[in-house]
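Undergrad: whatever this is, show me its structure:
(one chain, ligands or ions: 1)
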Amino acid sequence: MATEPLSQNEIEDRLRELPGWSVENGLLTRTYRLGTHFAATAMVVHVARTQEELNHHSALTLGYNTVSLAVSTHDAGGALTVRDFELARRVEAFAPVHGAA
Ligand SMILES: C[C@H](O)[C@H](O)[C@H]1CNC2=NC(N)=NC(=O)C2=N1
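TA: Numbers count the residues shown, from 1 in each chain. This is a model prediction of the structure:
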């Protein structure tokens, strides 16, 4: 998949489609809150499998009942690319299955 850096307008356009996601310190970021620690842990496994499928990996953090992702594209020097937003879209699509908000 392309690794050209997205422009600010392209980033803003894509963020509008991803409520809850934001750019923090240059990283596409989201924290999900789940009902239990175990539900959060199960979601981490699901995210990890998706990241392997996409060959695109976030900094993935498990809290007591939260799952946080922060991602940019290393191959683009840390810029945001379509690969980051594809990961976000995939996770956003299955997050409700885990009861994530
Ligand atoms: C060699 C391997 O395909 C690359 O390093 C992949 C792995 N996962 C990755 N993850 C992220 N976030 N950015 C990358 O550029 C990237 N590249």
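Undergrad: ok, residue 70 - contacts?
TA: By C-beta atoms under 8 Å, 6 or more residues apart in numbering, the contact set of residue 70 is 24, 27, 28, 29, 58, 59, 61. Glycine gets a C-beta too; all of them are placed from N, C-alpha and C.
Undergrad: not counting residues beside it along the chain, what's closest to it?
TA: residue 27 (4.1 Å; C-beta to C-beta, 6 or more residues apart in numbering).
Undergrad: count the neighbours of the one you found for me.
TA: Counted with other C-beta atoms under 10 Å, the burial measure for residue 27 works out to 16 neighbours.
Undergrad: which of the contacts of residue 70 fall in strands?
TA: Those of these mapping onto strands are 24, 27, 28, 29, 59, 61, per DSSP state E.
Undergrad: returning to what we had before: wait, the residue nearest to residue 70 touches residue 68, no?
TA: No. With contact taken as C-beta atoms under 8 Å, residue 27 and residue 68 are classed as non-touching, separated by 10.4 Å.
Undergrad: show me where this structure has helices.
TA: Here the chain has its helices, by DSSP state H, at 8-16, 37-54, 82-94.
Undergrad: quick check: which of those helices is buried the most?
TA: Among the helices of the chain, judged by mean count of other C-beta atoms under 10 Å, the one packed with the most neighbours on average is helix 82-94 (a mean of 18).
Undergrad: hey, what's in contact with both of residue 27 and residue 68?
TA: Counting by C-beta under 8 Å, 6+ apart, the contacts common to residue 27 and residue 68 are residue 59.
Undergrad: thinking again about what came up before, could you dump the helices of the chain into JSON lines with distance to residue 101 and mean pLDDT added?
TA: As requested, the helices of the chain are exported to JSON lines (distance: least, C-beta to C-beta, whole Å; pLDDT from 0 to 100):
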{"stretch": "helix 8-16", "distance to residue 101": "18", "mean pLDDT": "98"}
{"stretch": "helix 37-54", "distance to residue 101": "11", "mean pLDDT": "98"}
{"stretch": "helix 82-94", "distance to residue 101": "12", "mean pLDDT": "98"}
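Undergrad: as JSON lines, these with distance to residue 76 would be great.
TA: As requested, the helices of the chain are arranged in JSON lines below (distance: least, C-beta to C-beta, whole Å):
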{"stretch": "helix 8-16", "distance to residue 76": "13"}
{"stretch": "helix 37-54", "distance to residue 76": "15"}
{"stretch": "helix 82-94", "distance to residue 76": "8"}
